[in-house]
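[1] Take a look and give me a structure for this.
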Amino acid sequence: MIRISETVKHLIIINVLMFIGTMAIGNGTLFYDWFALHFPKNPAFEFWQIITHMFMHGGVTHILFNMFALWMFGTPVEQYLGSKKFLFIYISAGLGAVALQVGYYYFNFLPSYSNLIGSGLTSDNITHMLSNNQVIQGVTQAQFANLQDIFPIFNATMVGASGCIMGILVAFGMMNPNAELMLIFLPIPIKAKYFIPGIIILDLISGITGQSFFSPSNTAYMAHVGGALTGFIIMWYWRKTQFNKNRWY
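    Have a look, this model is predicted:
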């Protein structure tokens, strides 16, 4: 049994407390309104959600899998890097997850939004219709089609520590490339240097195509990719500068 490290233990406690709060307060909806990450153009978006969403989860299965992964991979990474570096890479991966997922949302959102603005609708008109799922009088068929395209993005919420954990998973893989890993439902041992890139590639394909392989269809796949990419960049930089006495970390 792997003994849990201190920072990992505290992160798990925070996640569990936030999950209990979600279930106990306002039947779940109130905590989600406050702390889940909303699309930045949605009136429900608040700046603190960029951090708080990392400690929110959508259900028992979601938090169990994430906390198991945090314990399994986070403990050896923290023992190797130390608590400060571990926490830095954890939070940075979460922020990288937000950046790529929100950036991908905007990539899909802006063309239709620009079409709506160009067609004569105001930003207030668009926000009102998307927020209330109610079309105002005089909307054309083309405008309605554009509204349908961006409605899921505008009303999307993001919760979970998956982006953070993907960064930690990459760090673990770079530290232990020959460690053998396996999926619970596919008990075939695969070396980390093949397993982890494979998972990231599947997430990337899912994010682009919408085709789910292992995760629920509402998973923020690009957040997984963003967290993994951030973890890789940080670990690559640290490895490259490990003998540099003037490094800032």
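
[2] which residues touch residue 182?
    By C-beta atoms under 8 Å, 6 or more residues apart in numbering, the contact list for residue 182 reads 188, 189, 190, 195. Any C-beta I mention is one placed from the backbone N, CA and C, and that applies to glycine too.

[3] between the residues you listed, which is nearest residue 8?
    The nearest member of the contacts of residue 182 to residue 8, counting by C-beta to C-beta, is residue 195 at 21.0 Å.

[4] How about the closest one: what's its closest non-neighbour residue?
    Excluding its sequence neighbours, the residue lying closest to residue 195 (C-beta to C-beta, 6 or more residues apart in numbering) is residue 181, at 4.6 Å.

[5] sorry, back to before: tell me the most packed of the contacts of residue 182, by neighbour count.
    If you count neighbours using other C-beta atoms under 10 Å, the busiest of the contacts of residue 182 is residue 195, which has 19 neighbours.

[6] can you give me the strands in the chain?
    Per DSSP state E, the chain carries strands over the ranges 37-38, 157-158, 180-183, 186-191.

[7] Pull out the buried residues from the third one.
    With burial defined by 16 or more other C-beta atoms under 10 Å, the residues of strand 180-183 counted as buried are residue 181.

[8] What average pLDDT does that strand get?
    Throughout strand 180-183, pLDDT has a mean value of 74.

[9] Parallel or antiparallel, list what pairs with that strand.
    Strand 180-183 has these partner strands in its sheet, going by DSSP bridges: strand 186-191 (antiparallel).

[10] can you point me to the longest helix in this protein?
    In the chain, assigned by DSSP state H, the helix with the most residues is helix 83-118.

[11] For this structure, just list every one of the helices.
    Going by DSSP H, the chain shows helices at 6-24, 29-35, 49-52, 60-69, 75-81, 83-118, 123-132, 141-154, 162-175, 192-209, 221-240.

[12] Which neighbouring elements make contact with the shortest one?
    Based on contacts counted as 3 or more C-beta pairs under 8 Å, 6 or more residues apart in numbering; DSSP states H and E, the elements that helix 49-52 packs against are helix 29-35, strand 37-38, helix 83-118.
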